[in-house]
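In: here are the coordinates; sequence isn't available:
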């Protein structure tokens, strides 16, 4: 529960609570309820109009690992989230399971593994656009940190590098292995 502390002279005023995304979290009288994984901003507004933002990251422990494979915008996607997820994630931009010992080790430490198969785009502006749409979907659907760790193997470096240049606010680190 979030308690709003209101100045004494405003103590009889009501507080209006709102969630920026009710599909992620709802709030009533300061009680925040998680609905699904993701992020929501909880705000409290005193009837004088003063707004106090509270950043509320809604997360939960997974009962079991997530192993999702699906089609997004016409391309196959894979999301692997361990039961001990720490919110950090690796986005391998090409060759999901090639030479992946380090990703397996990081998965055991709580890192999620993500792949979006757009192999025919070679890091083009269209691929960067598709990647951003996929990133936005991931932020809405899963409890992942805002910044990803891009792993660019071989021609995957084209995707990783160009996405990081276009969207540095979405990237924590970039690792390139045998970049083309």
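Out: Cool, got the structure. The model shown is predicted, which means the values in this text are computed figures rather than measured ones.

In: Please count neighbours and contacts with C-alpha atoms only from this point.
Out: Noted.

In: Could I get the pLDDT score of the closest residue to residue 163 other than its chain neighbours?
Out: Closest residue to residue 163 apart from its sequence neighbours, by C-alpha to C-alpha, 6 or more residues apart in numbering: residue 128 at 5.5 Å. Note on residue 128: pLDDT of 96.

In: same deal with the one 10 residues further on?
Out: At residue 138 the predicted local distance difference test score is 94.

In: quick one: least confident helix or strand in the protein?
Out: strand 51-58 (a mean of 58; mean pLDDT, DSSP states H and E).

In: ok, then the element right after it?
Out: Helices and strands here follow DSSP states H and E; after strand 51-58, the next one along the chain is strand 66-72.

In: who does that next one touch, helix- and strand-wise?
Out: Using 3 or more C-alpha pairs under 8 Å, 6 or more residues apart in numbering; DSSP states H and E, the elements in contact with strand 66-72 are strand 75-81.

In: Okay, buried residues for the strand it packs on please.
Out: 77, 78, 79, 80, 81 (16 or more other C-alpha atoms under 10 Å).

In: helices and strands around whichever helix or strand comes after that strand, which ones?
Out: Remark: after strand 75-81, the chain's next helix or strand is strand 89-92, criterion DSSP H and E. For strand 89-92, the elements it packs on are strand 112-116, strand 148-153, judged by 3+ C-alpha pairs under 8 Å, 6+ apart.

In: Please tabulate the ones you listed in a markdown table, including the columns mean neighbour count, mean pLDDT and distance to residue 172.
Out: Formatted as a markdown table, these follow (neighbours: other C-alpha atoms under 10 Å; pLDDT from 0 to 100; distance: least, C-alpha to C-alpha, whole Å):
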| stretch | mean neighbour count | mean pLDDT | distance to residue 172 |
| --- | --- | --- | --- |
| strand 112-116 | 24 | 97 | 14 |
| strand 148-153 | 24 | 95 | 5 |
